[in-house]
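Peer 1: Fold the following.
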Amino acid sequence: MVWVFSIWMQSVKQVLSGEMLGKPVNVRGWVYRIRSSGSIIFAVVRDSSGIIQVTIKKGVVPEPDFEAAASTGIESSVTVEGTLAEDERAPGGYEVRAISFAVVGPSEPFPITEYQSTELLLDQRHLWIRSREQTAVMKVKDSMLRGARNWFHENDYVEVTPPIITGVSAEDSTTLFQLKYFDRFAYLSQSAQFYLESLIYSCDRVWSLTPSFRAEKSKTPRHLTEFWNLEMEAAWVDNEGNMKVQEELVSAMLRSVVEERSPELRLLGRDPAALEKIAPPFERMSYSEAMDELQEKGCDVLWGSDLGAVEERELTMDKEHPVFIVNYPKELKPFYMKENPEDARTYKNSDLLAPEGYGEIIGGSERETDNALIIERLKDVGESLDKYQWYIDLRKYGSVPHSGFGLGMERVVKWVCGLEHIRDAIPFPRTIARVYP
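Peer 2: I've put the predicted structure just below:
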C-alpha cells in the first residue's frame, strides 16, 4: 500500500505550484491544524515540503470519511483525495476539496500546544522537531552542507574519515571528555585537525565532517557539548590562503542555501537577498585593531584579553558581512599555530566572525612546522611528549607550509537562520544540562 502511495501521491509543494488547478490530486501528510464549522471541516495538512488546506464537506465525502475527519486530532497521519481549487484565504492560496479522507495513524492529544516553556519543548524535542521552524532549519543546514561538499569537490579536496576516539588533545585539555577504552583511557575528539594534517602528505588537500565534543561548562546561546565540525587542512597554503578558502567556502554555502531554501529562510524571518550579497573578500582586522575599537566603545579590555561573546558582538553588530580577526596573542591560542614573523607575540591565525553580532564561526591558522617550537610549547603546558610523538613525526619527514580551520556548522546555521540559541541549529542538542531525549 505504501508503495502505491509513493507512485500516486503528490507533495504539498507540487500541489501548491498551481499546475494541477481544477485537477484531481492526492496528498498525504500529518494534520497541522483542524477546525469544524458544522458541515464543513477545515484541515491544514503538512508534509516535509509545506502545508495546504483541505476542506471536507458533509455529503461530498463518504459519511465514514467525514466522521473520521471530525474525530481526528493534530498530528494524525492522513491521506486525502480531491480537486485543487484556488482560495485566497487558504495558506498558499490553494485548497484541496476532498472527495475522500482517510486516517492512517491516529494521534493521541498532542502534548505541545501554542505557548510552551523552553524546557518543555526540550523535553519533547522528539516531537518538537516536527514544527515548521525546526524543519526549515534542518533543510537550510542540509543545503549548506551540500554547498560545502560541492565546493570542496570542485576544488580537488579529498573527503576523509578521521576517528572520534583519540589519545591526544587538540584544544584545551580541560574540556576533554574522557572514557575508559579497554585497559586504558581515551578521549572523545575535540577536533580532527591532527589526523587531517597527517593526510595532507598523501592527499594534499583534505576535509572532513565529524562530531566534536567539548566539555565546556558554558551556559551561553552559542555553546554545545557536541557539535558538527567541518574541518580542512591543505599543504602549501599560508594563513592568507587559508582565509581565502574560508571566504570562498562560506560564500558557496550561502549561495546554495539561497538557491534552494529561500522559502525556508523567509519562514524563519531571514531575507535571502541580504545573504546573497555576501561575497569575498571579507574584511580583515588585526587583533590589535580590534582591541583599539573595543576600548573606544568603552569595553573593559586590554591587549591580551580574549574575545568573548560580548566583545565579538560589539565588533560585528553593525556589520553586514563576516569579518576576520587576525594575529591573536599566543597565550590565547593552542600550541600548533605558526608564529607571526612580524610580531613574535602573536600567531599567524584568524577567527571568522559572523555579522549582526553572531560571533565566531570559524577558527583557523597556519600550522607550525618547527618541531623544536612544538616540543617547547608542549612542555610549557605540561603535556606528555610520548602522546604526541606521532604528531611530532609529521615534521620529520618532508614537512611543508600548511594551514587549516574548523567551521562549527551549528554556529553558521544559527547566524544564517537568525536563531536566538544554538540549540535550535541541531535536532537533539547536547549541553551541560541536557542529554535527554
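Peer 1: alpha carbons only for contacts and neighbour counts from here, please
Peer 2: OK.
Peer 1: helices or strands next to the top helix by length along the chain in the packing?
Peer 2: Determined from DSSP state H, the single longest helix within the chain is helix 239-267. With contacts taken as 3 or more Cα pairs under 8 Å, 6 or more residues apart in numbering; DSSP states H and E, helix 239-267 sits against helix 132-154, helix 272-276, strand 349-354, strand 359-366, strand 402-408.
Peer 1: To residue 311, which of the ones you listed lies closest?
Peer 2: Ranking those by their distance to residue 311 (criterion: Cα to Cα) puts strand 359-366 first, at 8.7 Å.
Peer 1: still on that earlier bit, of the helices and strands packed on helix 239-267, which approaches residue 227 most closely?
Peer 2: Per Cα to Cα, nearest to residue 227 of the helices and strands packed on helix 239-267: strand 402-408, 7.1 Å.
Peer 1: what is the mean pLDDT for the following helix or strand past the closest one?
Peer 2: For strand 402-408, the following helix or strand on the C-terminal side (DSSP states H and E) is helix 409-417. The average pLDDT within helix 409-417 is 98.
Peer 1: can you check stretch 42-61 too?
Peer 2: pLDDT averaged over stretch 42-61 gives 98.
Peer 1: May I see the buried residues of it?
Peer 2: Buried positions in stretch 42-61, judged by neighbour count with 16 or more other Cα atoms under 10 Å: 42-47, 49-57, 61.
Peer 1: ok, now stretch 93-109?
Peer 2: Buried residues in stretch 93-109, counted by 16+ other Cα under 10 Å: 94, 95, 96, 97, 98, 99, 100, 101, 102, 103, 106.
Peer 1: could you give the angle of the longest helix of the chain to strand 402-408?
Peer 2: 20 degrees (axes from the mean of the first three to the mean of the last three Cα atoms, to 10 degrees).
Peer 1: Helix 239-267: how far from the chain's middle?
Peer 2: Centre-to-centre, helix 239-267 and its host chain are 12 Å apart (Cα atoms, centre = their mean, to the nearest Å).
Peer 1: For the stretch 201-350 of the chain, which segments count as helices?
Peer 2: With DSSP state H, counting those that start in this stretch as the criterion, the stretch 201-350 of the chain has helices at 239-267, 272-276, 287-296, 309-316.
Peer 1: how distant is the shortest one from the center of its chain?
Peer 2: The chain centroid and the centroid of helix 272-276 are separated by 18 Å under Cα atoms, centre = their mean.
Peer 1: helices and strands around that helix, which ones?
Peer 2: helix 239-267.
Peer 1: Residue ranges of each domain in the protein, please.
Peer 2: Listed by automatic domain parsing, the domain ranges of the chain are 2-105, 123-425.
Peer 1: To residue 117, which of those domains lies closest?
Peer 2: Counting by Cα to Cα, and looking across all of those, nearest comes domain 123-425 at 10.0 Å.
Peer 1: CA atoms only for stretch 8-27 - export them in PDB, please.
Peer 2: Output of stretch 8-27 as PDB, limited to C-alpha atoms (Å, rounded to 0.1, in the frame of the first residue of the first chain):
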ATOM      1  CA  TRP A   8       0.200   8.300  -7.000                       C
ATOM      2  CA  MET A   9       0.600  10.900  -4.200                       C
ATOM      3  CA  GLN A  10       1.800  14.500  -4.800                       C
ATOM      4  CA  SER A  11       3.800  16.500  -2.400                       C
ATOM      5  CA  VAL A  12       2.300  19.700  -0.900                       C
ATOM      6  CA  LYS A  13       4.900  21.700  -2.800                       C
ATOM      7  CA  GLN A  14       3.800  20.200  -6.100                       C
ATOM      8  CA  VAL A  15       0.200  20.900  -5.400                       C
ATOM      9  CA  LEU A  16       0.900  24.500  -4.300                       C
ATOM     10  CA  SER A  17       2.600  25.100  -7.600                       C
ATOM     11  CA  GLY A  18      -0.900  25.500  -9.100                       C
ATOM     12  CA  GLU A  19      -0.100  23.400 -12.100                       C
ATOM     13  CA  MET A  20      -2.900  21.000 -11.100                       C
ATOM     14  CA  LEU A  21      -5.600  23.600 -10.600                       C
ATOM     15  CA  GLY A  22      -9.000  22.000 -11.200                       C
ATOM     16  CA  LYS A  23      -7.500  18.500 -11.500                       C
ATOM     17  CA  PRO A  24      -7.600  15.500  -9.100                       C
ATOM     18  CA  VAL A  25      -4.800  15.500  -6.500                       C
ATOM     19  CA  ASN A  26      -3.700  13.000  -3.800                       C
ATOM     20  CA  VAL A  27      -2.000  14.300  -0.700                       C
END
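Peer 1: Show me the contact partners of it.
Peer 2: Here stretch 8-27 makes contact (Cα atoms under 8 Å, 6 or more residues apart in numbering) with 28, 46-47, 49-52, 79-86, 92-94, 96.
Peer 1: now swap in stretch 379-386 and tell me
Peer 2: With contact meaning Cα under 8 Å, 6+ apart, stretch 379-386 is reached by 375, 378.
Peer 1: Pull out the buried positions in it.
Peer 2: So for stretch 379-386, nothing qualifies as buried (16+ other Cα under 10 Å).
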